[in-house]
Each structure stands twice: as structure tokens, then as C-alpha cells.
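> Any chance you could fold what I've pasted below:
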Amino acid sequence: MRRFGLFTLFALAGTAVAQIQGPLMLKDEQTEILPIGQVNLVNPSWSGGGILGVEKNRTYQPIIWTIDRSGTKEEVTFSTPGRESLDLLALGRSSDGTIALGGYMMGSDWHGFLGIIPPDRGKPIIVQTWPYAPRALVIAPDGVIWTVGWYVDLDKNERAYNILKRFDKSGTVLSSIAMKVKGGPAGGPDASDRSTLRASADRVGWLTTGPEYIEFTPGGKEVSRFEQPPWGSPRELWKTMAFHDNDVLAATWQAEGGSMWTLDRMKRKWIPLHLAPEAVRGQMVLGMDGEELVTSVWSSGLCRIARYAIPQAIASQ
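Residues are numbered from 1 along each chain as shown. Model prediction:
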């Protein structure tokens, strides 16, 4: 895979850029019994070297679980000092094992919060972010926690959507900006709910639930935005994304099948990717594990985990 620096990518108009070419070939698959849990509103993802998910959401002790590439499972129970029931909306894990989670404390006023669980699983950091609530997050390689969400103060009747907030490892806010983006699939103003953040060494990408994909520098500066792939139905909510070095893989999931695309930045268009003929349909992209794309298919509590080899990129003029 040929790598490019972030600013080089955006400056090299007309220069050959590495581009994934399909089809993606099935390399391995296995069936796991994974905890779907109670009222689980957080899709599992491949994050920090393993599958990351939540069980018993909307209780006062939700369980954060991980399954690493060797199959080792870990469960971490998370709670707040006031033992409020928690509505988790976003999860992320770093390569050193740090876990970040965001959502609401479901008391009388539904306070937003950010939780940070250290690698040694010691005392977590809990930051009350009210009236802001994170709805998607990722831990970048430099340790910065990126979140997008909304601000709702019912007492003052104030609302703001699509706010990008960055935190350091201690939970201190590094930056906060209200993004001007196109609204969500139902026509409302919020494009953060069930959206996806992904990070590489030199960029962070946000696949909104509106019709846009936006990229930032590690310092938080927006550098480019694109229309999303031509998914089909504009109301398809289950969109996911993975980073492969500097390539972006975006996918949508439906029970009867979905679509997968990669971004050609120079031509500002999305190129369809195809799975190998033996692959099952209806797969959800979890993320990248090195050179392999990890996907899942859920049915009656069973999850088939499939890995696909990413074809060697060729130059796209």
C-alpha cells in the first residue's frame, strides 16, 4: 500500500494516487456467539485490535466487551458513582487498550457524559458533558478522543446539532465546533446519530447520517468534504466505514444485501467494490485489521465474522 501525507494528498491534483481495486476475496470466516444484549443501540466495530461492543445497555452496569484477533474475550463493567442507568451511544478503543464511551446518564435530566476506562482497568474518568451528548466517537492514534453529538438544554429551550468535540486522555476539551452539515436521512437537522468516525495517523473521517463524508487533520481542521456514495435509498441508516491506510471503505447494510465503495479523492467520486462470489450478503463492515477487512453477519444471536483480503492498490490517474 502506497502511503501519502495528508497535505500531499490534497495538493497532488493530477498525480497518480493509490486506489483499491476489487473484488475483495474471502480469506477466513468463523461463527461466534456474541452478546447482543438488552436494548443494544451500539453496533459492534473493529476498534483497537479487536471487536468492541456493549451488553446490557440502558442499565446501571452495562458491560463493554472485546474479542481480540486471537479470540480472547474481555468484559469490563462500567458504572457511575450515582449508579444511574446509562444509555451508551458511542464506543471506541485505542491500541493500548484504553476504552472511551459516550451517551446519557438516564436520570431526570438525562445528562450527557464521556467515560474513559484506562488500559489497566483502574478507576475510570467520567466527564459530565451536559448539555452536550456524544453520539459517535473514535480514539485517534495520538490518543485524542474525537466525538460528534448534539447540545440540548430543555430548560433554556436551546438545541444545537452536529457538534464536533475533541478531548484529551484526561477528558479535557481540546476543541469544540458546531459543524455546518446537511441534515440526517429523515430530513431533520441531526447528522450525528449512528454516524461513524474513523481515524488514521494523518486524518480523521466522519461519515454522517446525512449525505456527506468529511475529513479533518489530526489537529481538528476540516480539509475536505464529499458527497456520500450513491447508496440507493436515502433512508438507509446502517452505514459503516473503515480506513485502510489512506483509503476509505464505506458500506451500507441491509438484510437482503448492501453495497461497498472506496473513495477516489482526486476524481471526487466513489468506486464500487465487490465481494468475492462465495461471500454471503448482508454483511456489516466492522473495520480494518491490518490488511484485512473484518465484517459481520448477525442472525438469532449468532455472528459470522468474515475477513477479506484487500487487493493490492493500483495507481488511479
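> what's Glu212 in contact with, if anything?
181-182, 191, 225-228 (CB atoms under 8 Å, 6 or more residues apart in numbering). Every C-beta, even on glycine, is put in place using the N, C-alpha and C of the backbone.
> Stretch 47-63: which residues count as buried?
Buried residues in stretch 47-63, defined by neighbour count with 16 or more other CB atoms under 10 Å: 47-59, 62-63.
> ok, which pair from the contacts of Glu212 is furthest apart?
Ala191 and Phe226 (14.2 Å; CB to CB).
> Please compare the two by neighbour count and tell me which comes out ahead.
More crowded of Ala191 and Phe226, by other CB atoms under 10 Å: Ala191, with 26 against 19.
> can you give me the helices for this protein?
Taking DSSP state H as the criterion, the chain contains helices spanning 6-11.
> where does it have its least confident helix or strand?
Least confident helix or strand of the chain, by mean pLDDT, DSSP states H and E, is helix 6-11 with a mean of 34.
> burial of Gly92, as a residue count?
Look at Gly92: counted by other CB under 10 Å, it has 25 neighbours.
> what sits opposite it in the beta ladder?
For Gly92, the beta-bridge assignment (DSSP bridges) gives partners Ala100.
> if I pick it, what's in contact with it?
If you count contacts by CB under 8 Å, 6+ apart, Gly92 has them with 47-48, 52, 99-101, 137-139, 145, 197.
> Please identify which of these is nearest to Phe113.
Leu101 (8.7 Å).
> Not counting residues beside it along the chain, what's closest to that closest one?
Gly115 (4.7 Å; CB to CB, 6 or more residues apart in numbering).
> quick one: Gly171 and Val127 touch, right?
Yes: using CB atoms under 8 Å, Gly171 is in contact with Val127, at 3.9 Å.
> which neighbours do these two share?
Joint contacts of Gly171 and Val127 (CB under 8 Å, 6+ apart) are 114, 116.
> where are the low-confidence patches of the stretch 1-150 of the chain?
Across the stretch 1-150 of the chain, residues meeting the criterion (pLDDT under 70) sit at 1-19, 21-22, 32-41, 108.
> where exactly do the strands run in the stretch 1-150 of the chain?
17-19, 25-33, 45-46, 50-55, 63-68, 73-77, 86-93, 99-105, 111-117, 125-128, 132-139, 145-153 (DSSP state E, counting those that start in this stretch).
> now for these, which one comes closest to Pro311?
When those are compared by CB to CB, strand 25-33 sits nearest Pro311, at 7.4 Å.
> Alpha carbons only: can I get that closest one in CSV?
Output of strand 25-33 as CSV, limited to C-alpha atoms (Å, rounded to 0.1, in the frame of the first residue of the first chain):
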residue,chain,number,x,y,z
MET,A,25,-11.6,-12.0,-1.6
LEU,A,26,-12.9,-14.0,1.3
LYS,A,27,-9.9,-15.2,3.4
ASP,A,28,-11.4,-16.6,6.6
GLU,A,29,-14.7,-16.8,8.4
GLN,A,30,-15.9,-18.2,11.7
THR,A,31,-19.1,-18.3,13.8
GLU,A,32,-19.1,-16.7,17.2
ILE,A,33,-21.8,-16.4,19.9
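> Pairing partners for it, with directions?
Checking strand 25-33 against DSSP bridges gives partners strand 302-309 (antiparallel).
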